[in-house]
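> Could you look at this predicted model? Sequence included:
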Amino acid sequence: MTATLPTTGTDQLDVLESEAIHVMREVAGEFDRPVILFSGGKDSMLLVHLAHKAFWPAPIPFPVLHVDTGHNFDEVITFRDAVVERYGLTLEVASVQDYIDDGRLSERADGTRNPLQTTPLLDAIAEHRHDAVFGGGRRDEERARAKERIFSLRTAFGAWEPSRQRPELWNLYNGRHKAGEHVRVFPLSNWTELDVWRYIQREDIDLPTIYYAHTRDVFARDGMWLTSGPWGGPRDGEQVLSKSVRYRTVGDGSCTGAVESTATTLDEVLAEVRESRLTERGATRADDRLSEAAMEDRKKEGYF
Amino acid sequence: MGDTKRSGAGPSGHDLLRLATAGSVDDGKSTLVGRLLYDTKSVLADQLEAVERASKSTDGEPDLSLLVDGLRSEREQGITIDVAYRYFATPRRSFVLADTPGHVQYTRNTVTGASTAALAVLLVDARHGVVEQTRRHTAVMALLRVPRLVLAVNKIDLVDYDEATYLTITKEFRDHAVALGYAEDAVVTIPVSAKKGDNVVVGSDRTPWHDGPTLLDHLETVPVDGPDEAAPFRFPVQTVIRPRSAELPDYRGYAGLVAAGSVSVGDEVVVLPDGQRTTVEGIDRYTSSLDAASAGDSVVLRLAHDLGIARGAVIVAAGSAPEPVTEFTATLAWLHDKPLTPGRRLLVKHGTHTVQAMITAVEDRLDIQTLALDADPGTLEINDIGHVAITVAEPLPLDDYDTVAATGSFLVIDPQAGDTLAAGLVGRPLVATPVDA
């Protein structure tokens, strides 16, 4: 047999990949009912890709769970279903729309459904008795996320309790939890947005088309370009323009903004990420702007 | 593959340095980290804008500590409570920085940060010099064998950039570090002002007497010790890969991370704790078949014989197999509010194996100030470091932490609450030479 290694040499991507695969195999070894949170976005697509590598030539031993806000981009749902098909995954869906339709949740005045995801997520975790839930969160995204452990214990109510976090020593992960509690697992903790894009390029990973520049009808709100859709908008006075844009994150259409871009290839996207003076959340997420501690507060309620 | 270095500057030079910071409260650690991020242009516009909005300072300068104190209670109290991981890169190197808290009650987070660090930056306030927390943190770094130390003598502006003050502090620190086992050249000292930016990223003309590097210069050029590939091969089995598919009905592979050393196809290996011998038939990494793998690689091993190996086994080089034991001595860093009660039922997680355990005796406890060992303290309390005797229910193939850190380390876990109680290091990796103060 001959060695056919990627020719990246000393690249830190090898180190990050190896660490993420190690984390996934620990979860497979220590938990009964793990699940991968899958939004169709680039970070969760990376999780599926890494899981595929971690257990090859056996199939991925985890189902995927999509928390569907009902305000998704069509391209992303198409992509989600194609990934499920290609990897032979079991798809679980927690639908915010169902909760609104039967009155368990009510639409917010500002129209955004992102904060409404928490209840269906926690119910789905309880219903399927998931004891480990993979997320694509990275510590470089936001300063409350920078405090997350790779194995992050959540209470029976899904709450993150930062002052009670366990020390995380060497690469020995402690997944002990009581019945009803679960552990959120973040294999991409040590990756940056640039690492993610470099890895997507190296591994030739498919993404939804909205990550690449395309022409779209958008309107400006709160300094972001939002797409017209059932989530509201344009409102009076908001003018729809046709622009060349792309998305840096995939999320609820009501609060995920596009950035102006002409980057249609991976090389061009990478160049843009390198030069950007805005974080991806700062550039594209309205909900993080609600308060100084918006992310921390939502995580304490069980948000991912 | 066998000669592939995982870290250490290769021709491309773009490697990864994991470092930890530590210091006492109000030494300005968060400001220093904020300064590193700010001056390396690692802070993006929206982050800086948020900090400027939140800064309460009256001198018009942004409060850089707000870049890293990410929790509401941290900003309210103006202290760092929990370890935060920060990422920044220069054209020469990428950095993962564990920013750890200074308060005594959060020393567990210093241990967390130190366990994966190749270098530690310790801060002191130039007005106060070496204090108890400096000694404690240095002892933790020495215990965990963090290879290199930097002492940043911060707030040098507040002692009028006085060289004599700096020299007094650095001598005291060096003496302490050397007593803990550090070689002179493993310790670098730098006078800095995190608030004003002196010698952090940009050299300062207000310290003309300092002929050493700036902090960033040093971080960019210090050699990174990669995983020790000369160590004996150690491979804790994480999970067994059995596709049972039509194409691969008989495939059976053992997945894991090479914890130490390296392995090649054809090598003779021993599976512990049973001691069965076999040879490595194949090494798979995803669709590639490799000739060899080394420390840090997540791979799948195929073995010549069908041995019925499960998670928890350790595959090791045939010539260097440790004898599995049920009784051993270890150094513990006790990390939990609840003190150690000898005789209580606990769990030990070693590699991929978790076994029942009991700590039968606390042999001694380190005095952080004098580095002397107090004999027979009876218990260990939070942040105490000491030697204990442990009995485990099943034999474990242990190495001394000094020889192979990856298989010489373990967690002590509370079986009921699930909390991590202690960091464990097999053997006595603890220098206990009293320092002439």
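It's in.
> and stretch A:88-106, how far out from the chain's middle?
From the chain centre to the centre of stretch A:88-106 is a distance of 17 Å (C-alpha atoms, centre = their mean, to the nearest Å).
> same question but for stretch A:177-187, I mixed them up
Stretch A:177-187 has its average C-alpha position 17 Å from the chain's average C-alpha position, going by C-alpha atoms, centre = their mean.
> Name the surrounding residues that touch it.
Under the criterion C-beta atoms under 8 Å, 6 or more residues apart in numbering or on different chains, residues A:19-21, A:23-24, A:27, A:31, A:34, A:47, A:50, A:125-126, A:130-139, A:148-156, A:158, A:160, A:175, A:304, B:418 lie in contact with stretch A:177-187. Bear in mind the C-beta positions are built from the backbone N, C-alpha and C, glycine included.
> the bottom helix or strand of the chain by mean pLDDT?
Going with chain A. helix A:280-284 (a mean of 59; mean pLDDT, DSSP states H and E).
> was after chain B, sorry
helix B:72-77 (a mean of 54).
> Can you tell me which helices and strands the helix or strand just after that helix packs against?
Next along the chain after helix B:72-77, taking DSSP states H and E as the criterion, comes strand B:84-89. Helices and strands touching strand B:84-89, by 3 or more C-beta pairs under 8 Å, 6 or more residues apart in numbering or on different chains; DSSP states H and E, are helix B:29-39, strand B:93-99.
> again, only using 10 Å
helix A:193-203, strand B:15-23, helix B:29-39, strand B:93-99, helix B:107-114 (3 or more C-beta pairs under 10 Å, 6 or more residues apart in numbering or on different chains; DSSP states H and E).
> and the angle for it with helix A:193-203?
Angle, strand B:84-89 to helix A:193-203, by axes from the mean of the first three to the mean of the last three C-alpha atoms, to 10 degrees: 60 degrees.
> Each with direction, which strands does strand B:84-89 pair with?
strand B:93-99 (antiparallel) (DSSP bridges).
> quick one: average pLDDT of the strand it pairs with?
Here strand B:93-99 scores 88 as its mean pLDDT.
> With stretch B:128-143 instead?
Computed over stretch B:128-143, the average pLDDT equals 90.
> which stretches of the chain have low pLDDT?
I'll assume chain A. Scanning chain A for pLDDT under 70 picks out A:1-10, A:143, A:277, A:279-304.
> meant chain B, my bad for not saying
B:1-14, B:25, B:43-48, B:51, B:54-61, B:67-82, B:102-106, B:226-229, B:431-437.
> In PyMOL, select just the buried ones from the contacts of stretch A:177-187.
Those of the contacts of stretch A:177-187 that count as buried under 16 or more other C-beta atoms under 10 Å in any protein chain shown are selected in PyMOL with:
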select buried, (chain A and resi 19+20+21+23+24+27+31+34+47+50+125+130+131+132+133+134+135+136+137+138+139+148+149+150+151+152+153+154+155+158+160+175+304) or (chain B and resi 418)
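> Can you tell me how far the closest residue to chain A within the stretch 301-437 of chain B is from A:Arg25?
Nearest to chain A, among the residues of the stretch 301-437 of chain B, is B:Gly418, at 3.2 Å (C-beta to the nearest C-beta). Distance, B:Gly418 to A:Arg25, using C-beta to C-beta, to the nearest Å: 21 Å.
> Can you add mean neighbour count and distance to B:Lys195 and give the helices and strands packed on strand B:84-89 back as TSV?
What follows is those, written out as TSV (neighbours: other C-beta atoms under 10 Å in any protein chain shown; distance: least, C-beta to C-beta, whole Å):
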stretch	mean neighbour count	distance to B:Lys195
helix A:193-203	19	29
strand B:15-23	25	14
helix B:29-39	25	6
strand B:93-99	23	17
helix B:107-114	28	23
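> could you measure the closest residue to A:Glu161 other than its chain neighbours against chain B, distance?
Ranked by C-beta to C-beta, 6 or more residues apart in numbering or on different chains and with sequence neighbours excluded, the top spatial neighbour of A:Glu161 is A:Thr155, at 6.7 Å. A:Thr155 is 12 Å from chain B, where distance means C-beta to the nearest C-beta, to the nearest Å.
> Also A:Val64?
Taken as C-beta to the nearest C-beta, the span from A:Val64 to chain B is 19 Å.
> Once you drop chain neighbours, what's closest to that residue?
A:Phe38 (3.8 Å).
> near chain B, which residues of the stretch 101-250 of chain A show up?
For the stretch 101-250 of chain A, the residues in contact with chain B (C-beta under 10 Å from any C-beta of the partner chain) are A:138-140, A:142-150, A:153, A:162-178, A:181, A:183, A:189-195, A:203.
> now the strands for the stretch 101-250 of chain B?
Counting by DSSP state E, counting those that start in this stretch, one finds strands in the stretch 101-250 of chain B at the ranges B:119-125, B:148-154, B:187-191, B:234-236, B:239-241.
> longest single helix anywhere in the chain?
Since no chain was named, I'll use chain A. Longest helix in chain A, counting residues (DSSP state H): helix A:12-30.
> ah, no, chain B please
helix B:163-179.
> so how far is that helix from its chain's centroid?
A distance of 24 Å separates the centroid of the chain from that of helix B:163-179, by C-alpha atoms, centre = their mean.
> before we move on, back to that, what's the neighbour count on the residue nearest to A:Val64?
27 (other C-beta atoms under 10 Å in any protein chain shown).
> how is chain A carved up into domains?
For chain A, the TED database gives the domain ranges A:12-195+A:293-301, A:209-289.
> before we move on, the earlier item: could I get the helices and strands packed on strand B:84-89 as TSV with distance to B:Ala255?
Converted to TSV, these look like this (distance: least, C-beta to C-beta, whole Å):
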stretch	distance to B:Ala255
helix A:193-203	19
strand B:15-23	23
helix B:29-39	36
strand B:93-99	25
helix B:107-114	26
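> closest to A:Glu272 out of those?
With C-beta to C-beta, the closest approach to A:Glu272 among those belongs to helix A:193-203: 9.2 Å.
> what distance separates the start and the end of stretch B:300-316?
End-to-end distance for stretch B:300-316: 14 Å, by C-alpha to C-alpha, to the nearest Å.
> circling back: I'd guessed the residue of the stretch 301-437 of chain B closest to chain A sits against A:Arg166; true?
Yes - look at B:Gly418 against A:Arg166 with C-beta atoms under 10 Å: they come within range, at 8.4 Å.
> Common neighbours of those two, please.
A:153, A:174, A:176 (C-beta atoms under 10 Å, 6 or more residues apart in numbering or on different chains).
> any idea which of those residues is closest to A:Arg221?
Checking these one by one against A:Arg221 (C-beta to C-beta), the nearest turns out to be A:Leu153, at 37.4 Å.
> Let me see the contact set for that closest one.
A:159-161, A:164-166, A:174-178, A:181-184, B:418-419.
> ditto for B:Arg302
By C-beta under 10 Å, 6+ apart, the residues touching B:Arg302 are B:241, B:251-254, B:265, B:280-284, B:289.
> Just the element for it, please.
strand B:298-303.
> Pull out the buried positions in the helix or strand just after that strand.
Of the helices and strands lying after strand B:298-303 in sequence (DSSP H and E), the nearest is strand B:314-317. Residues of strand B:314-317 classed as buried: B:314-317 (neighbour count, 16+ other C-beta under 10 Å).
> Now tabulate these in JSON lines and tack on distance to A:Ile210.
Shown next, in JSON lines, are the buried residues of strand B:314-317 (distance: C-beta to C-beta, whole Å):
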{"residue": "B:Val314", "distance to A:Ile210": "46"}
{"residue": "B:Ile315", "distance to A:Ile210": "45"}
{"residue": "B:Val316", "distance to A:Ile210": "49"}
{"residue": "B:Ala317", "distance to A:Ile210": "50"}
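> Just name the closest of those residues to B:Leu301, please.
B:Ile315 (6.5 Å).
> That closest one against B:Gly275, yeah?
No - assessed by C-beta under 10 Å, B:Ile315 is found out of contact with B:Gly275, at 11.6 Å.
> what residues are shared contacts of these two?
By C-beta under 10 Å, 6+ apart, the residues touching both B:Ile315 and B:Gly275 are B:Ala321.
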